[in-house]
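Trainee: no sequence on hand, only this structure:
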């Protein structure tokens, strides 16, 4: 089993440097090879909201690898369907990091792709991720409305074109996430667990835990992160499924964790509140995309409506007549529908309130 290096604090840049130094991460870069940094920029949100990777992880990685002679360093990412990657990178402060260190940022939504055979069938993957000498995965450990948790493995979904992201949802997420992790293996993972939102992948309810950890096995790190969140293997089955596909080992023990300091000033890691399940108790989800589902969840969270009628969301409802409220263009067959791909959360909230007032 691989070692998991863990550190506590509030300075993401310094914490990243110390993790990389302790793990001697420079040894993972092939001779003359490039380093591609893959953060989590799911939406145009701030790291403090619990949604996106802190820019200090980027600056720390750049300084470390430059100090060890690596000159070909880039930042690569593609935000979720419905959002603009460049707007998201500016919102997260990555533009300042890239400018300071003169490092290019590549929007993977515009990248070329290659088809790779996987356990879930052929998957189109962005070439810049496939061609990196060392792919460095920089995920946020946080909750997710559909998979309960997102971390190292699910962060790789940003290395896909939008059409493939939609396809993942049509396949049900669990199997394709596992299959992708088995063929696109990051050589290094630095997990941002400073203030991830434990309920929503888009942030908004951050929990300050002041923790980061590093390893080389994405499956192991997801198994560890799952335990930190108080979740069980059956809650996040794509971890063991990825192990079955050859992506890594879904086991860890306390002996594997190398503590670089103690969490003297860090809050204990709380269990997710299960708010998503409560908010979506009347929702019939069928192959919904993350952006659409998160918009609905956010609207349900903010609208403060009472009991609601049946709500339908997802590609699986296309072409069907539905008695209730449809979310997104896939559910245009519903009695009432909030159109969009994805629709805005405020539009959904307005419709929910309008229906309640009738």
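Mentor: Looks like it arrived, so ask away. This one's a predicted model, so the numbers in the text were calculated from it and none came from an experiment. Numbering: from 1, shown residues only.
Trainee: ends of stretch 228-239, what's the gap?
Mentor: 14 Å (Cα to Cα, to the nearest Å).
Trainee: in it, what counts as buried?
Mentor: By neighbour count on 16 or more other Cβ atoms under 10 Å, the buried set for stretch 228-239 is 228-229, 231, 236-239. Backbone N, C-alpha and C define where each C-beta goes, glycine included.
Trainee: skip the chain neighbours and tell me the closest residue to the residue nearest the centre of the chain.
Mentor: Compute the mean C-alpha point of the chain, and by Cα atoms, centre = their mean the closest residue is residue 155, 4.1 Å away. Nearest non-adjacent residue to residue 155, counting by Cβ to Cβ, 6 or more residues apart in numbering: residue 139, 3.6 Å away.
Trainee: do you know how far the one you found is from residue 335?
Mentor: 39 Å (Cβ to Cβ, to the nearest Å).
Trainee: who has more neighbours out of the two?
Mentor: More crowded of residue 139 and residue 335, by other Cβ atoms under 10 Å: residue 139, with 29 against 13.
Trainee: so that one touches residue 193, yeah?
Mentor: No: Residue 139 lies out of contact with residue 193 (Cβ atoms under 8 Å); the separation is 9.3 Å.
Trainee: and of the buried residues of stretch 228-239, the nearest to residue 180?
Mentor: residue 238 (9.6 Å; Cβ to Cβ).
Trainee: thinking the closest one is in contact with residue 146, fair?
Mentor: No: between residue 238 and residue 146 there is no contact under Cβ under 8 Å: 11.1 Å.
Trainee: between the two, which contacts overlap?
Mentor: Listed as contacting both residue 238 and residue 146 by Cβ atoms under 8 Å, 6 or more residues apart in numbering are residue 173.
Trainee: so which residues of the stretch 251-358 of the chain form strands?
Mentor: 257-259, 283-285, 311-313, 322-327, 334-338 (DSSP state E, counting those that start in this stretch).
Trainee: check the stretch 1-150 of the chain too.
Mentor: Taking DSSP E, counting those that start in this stretch as the criterion, the stretch 1-150 of the chain carries its strands at 4-8, 35-39, 73-77, 105-107, 113-118, 121-126, 134-138, 142-144, 148-150.
Trainee: nearest to residue 21, out of those strands?
Mentor: strand 4-8 (9.6 Å).
Trainee: what is that closest one packed up against?
Mentor: helix 12-23, strand 211-215, helix 218-228, strand 257-259 (3 or more Cβ pairs under 8 Å, 6 or more residues apart in numbering; DSSP states H and E).
Trainee: could you measure from residue 53 over to residue 89?
Mentor: From residue 53 to residue 89 the distance is 11 Å (Cβ to Cβ).
Trainee: of these two, which one has the most company?
Mentor: For residue 53 versus residue 89, neighbours defined as other Cβ under 10 Å are more numerous around residue 53 (28 against 24).
Trainee: show the pLDDT at the more buried one.
Mentor: On pLDDT, residue 53 comes in at 97.
Trainee: before we move on, what about residue 265?
Mentor: Looking at residue 265, the pLDDT reads 52.
Trainee: any low-confidence regions in the stretch 251-358 of the chain?
Mentor: 264-273, 290, 304-308, 357-358 (pLDDT under 70).
Trainee: where do the helices sit along it?
Mentor: 275-279, 290-303, 345-357 (DSSP state H, counting those that start in this stretch).
Trainee: out of these, flag the one nearest residue 77.
Mentor: helix 290-303 (15.2 Å).
Trainee: what angle do the closest one and strand 334-338 make?
Mentor: Using axes from the mean of the first three to the mean of the last three Cα atoms, to 10 degrees, one finds that helix 290-303 and strand 334-338 are set 90 degrees apart in direction.
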